[in-house]
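Trainee: after the sequence you'll find the predicted model.
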Amino acid sequence: MPEGDTVYRAAVKLREALQGRELTRCDVRVPRYAAVDLSGQVVDEVLSRGKHLFIRVGQASIHSHLKMDGAWIIGRVRAPAYKIRIVLETAESRASGVDLGVLEILDRATDMDAVAHLGPDLLGEDWSAEIAATNLVADPERPLAETLLDQRVMAGVGNVFANELCFVFGLRPGTPVGEVADPLRLATRTQQMLWANRTRINRTTTGNTRPGQDVWVYGRAGSPCRRCGTPVETDKSGERVTYWCPTCQR
């Protein structure tokens, strides 16, 4: 599932292609909203909130969530036509929503109700490390990785960042979150990690952008830990795959 930095970049691309321009075509291919036609209206704003995207046009707001396989593509689309959920065109550009997990047309005045349950947005103006830290330890017995993935705690963390943060803090993914010594530091580092990657196509959590050197443990099961050389372990039995170094992570 795309993480907050990926969605942030998608919003930037959509903003560059659509914002301030009049729609010449609006083709919504979701039965419930198939009759909606926003052509002739100007795209006023494009914004991201955690893993959610909003395209505000007149009194309407196009809300989407990429889920596992979704993407917004500017220009030519190579995907089969049946995967395209929406097409928005202006005189200069075309944006297509492909395989979107969520697509709905909301009343612009109340569109933020759809994300009212989210915690502070790691890449948004509402970010608060203090609130995120309080949310993190609200259930002390909850596993750390699971807590980091809960968008109600803070919005934008996906499985890559959750596993990498566990490594950086030397804790295994299943560690009860109440054992985190400094929740405020963890919340702050989480925001810093996403912020550093918000404009990068090739994400890195190690600080090294070279292929194969960009992450500490995620996706590296059986490979030597970059710090100590111990083979990285993995658990695929849960809803999300976890990775850790049995030596570096307590």
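Mentor: Nice, I can see it. Note that this is a predicted model, so its numbers are computed, not measured.
Trainee: now the helices for this structure?
Mentor: All helices of the chain, identified by DSSP state H, fall at 4-18, 129-136, 144-149, 159-168, 183-197.
Trainee: can you tell me what sits against the shortest one?
Mentor: Read it as helix 144-149. 136, 139, 153, 157-159, 161-163, 165-166, 171-177, 180, 190, 240, 242 (CB atoms under 8 Å, 6 or more residues apart in numbering). For every residue, glycine as well, the C-beta is placed using N, CA and C.
Trainee: for Gly40, find the nearest of the helices of the chain.
Mentor: Closest approach to Gly40 among the helices of the chain (CB to CB): helix 4-18, 14.1 Å.
Trainee: could I get the closest one in PDB with only the CA atoms?
Mentor: Below are the C-alpha coordinates for helix 4-18, written out as PDB (Å, rounded to 0.1, in the frame of the first residue of the first chain):
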ATOM      1  CA  GLY A   4       2.200   9.000   2.900                       C
ATOM      2  CA  ASP A   5       5.300  10.200   1.000                       C
ATOM      3  CA  THR A   6       4.000   8.500  -2.200                       C
ATOM      4  CA  VAL A   7       0.500  10.100  -1.800                       C
ATOM      5  CA  TYR A   8       2.100  13.500  -1.100                       C
ATOM      6  CA  ARG A   9       4.000  13.300  -4.400                       C
ATOM      7  CA  ALA A  10       0.800  12.200  -6.300                       C
ATOM      8  CA  ALA A  11      -0.900  15.300  -4.900                       C
ATOM      9  CA  VAL A  12       2.000  17.500  -6.200                       C
ATOM     10  CA  LYS A  13       1.700  15.900  -9.700                       C
ATOM     11  CA  LEU A  14      -2.000  16.400  -9.800                       C
ATOM     12  CA  ARG A  15      -1.700  20.000  -8.600                       C
ATOM     13  CA  GLU A  16       0.800  20.800 -11.300                       C
ATOM     14  CA  ALA A  17      -1.500  19.200 -14.000                       C
ATOM     15  CA  LEU A  18      -4.900  20.400 -12.900                       C
END
